[in-house]
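Visitor: with the sequence up front, the predicted model follows.
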Amino acid sequence: MTQENTPSIENAEQEAQWAREQFQKANRFLAEKGIVPDTVKVDESRFLAPLVAVWKLKASAPKGDYWVISGDVPTDCVEVKAAQDAREAMRYFSLQWQLKAQNLVDSGAVKDPTQAQFAQLLVSRAQGLYELYEDEKVWTNETA
């Protein structure tokens, strides 16, 4: 993932603001899916401003924990059992988006320009996520 089209973060205050916005985005996304977020497990979440945030959120209804990804990527979620930590969650989303993009291509839906753009977005973001997943420097200090 590159920062070409992403606004730069120049100080801790901007980074904190970005993180708050991504946290709100993640909560809204879950709420739209009928999941009531309760608390965030900050020590298990990870964000790389201004690119991507992976939140571990505890929900009160339906009860459970979820990984939610937001940032310069499509917002998405999965039950926590899909990945043991934020790094594995990033890998999970990367692989799922590759599969979704391939399914769009296989279904013939990419003839529609909107679907074609979405498939391209999924592939590019999935590749960027996988690069971040593989980058040891990103994960040497795993605190959010």
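Guide: It's in. Residues are numbered from 1 along each chain as shown.
Visitor: hang on, Trp67 is in a strand, isn't it?
Guide: Yes. Secondary structure of Trp67 (DSSP: H, G, I helix; E, B strand; the rest coil): part of a strand.
Visitor: right, and it touches Lys56 too?
Guide: Yes. In this structure Trp67 lies within contact range of Lys56 using Cβ atoms under 8 Å: 6.0 Å. Backbone N, C-alpha and C define where each C-beta goes, glycine included.
Visitor: quick one, which of those two is more surrounded?
Guide: In this view Trp67 and Lys56 are compared by other Cβ atoms under 10 Å, and Trp67 has more residues nearby, 26 against 22.
Visitor: check what pLDDT that one gets.
Guide: Trp67 carries a pLDDT value of 98.
Visitor: ok, back up a step: shared neighbours, Trp67 and Lys56?
Guide: Residues within reach of Trp67 and of Lys56 at once, by Cβ atoms under 8 Å, 6 or more residues apart in numbering, are Val80, Ala86, Ala89.
Visitor: ok, and the most crowded of the residues you listed?
Guide: Ala89 (28 neighbours).
Visitor: ok, that residue - contacts?
Guide: Counting by Cβ under 8 Å, 6+ apart, Ala89 touches Val54, Lys56, Trp67, Ile69, Val78, Ala82, Ala83.
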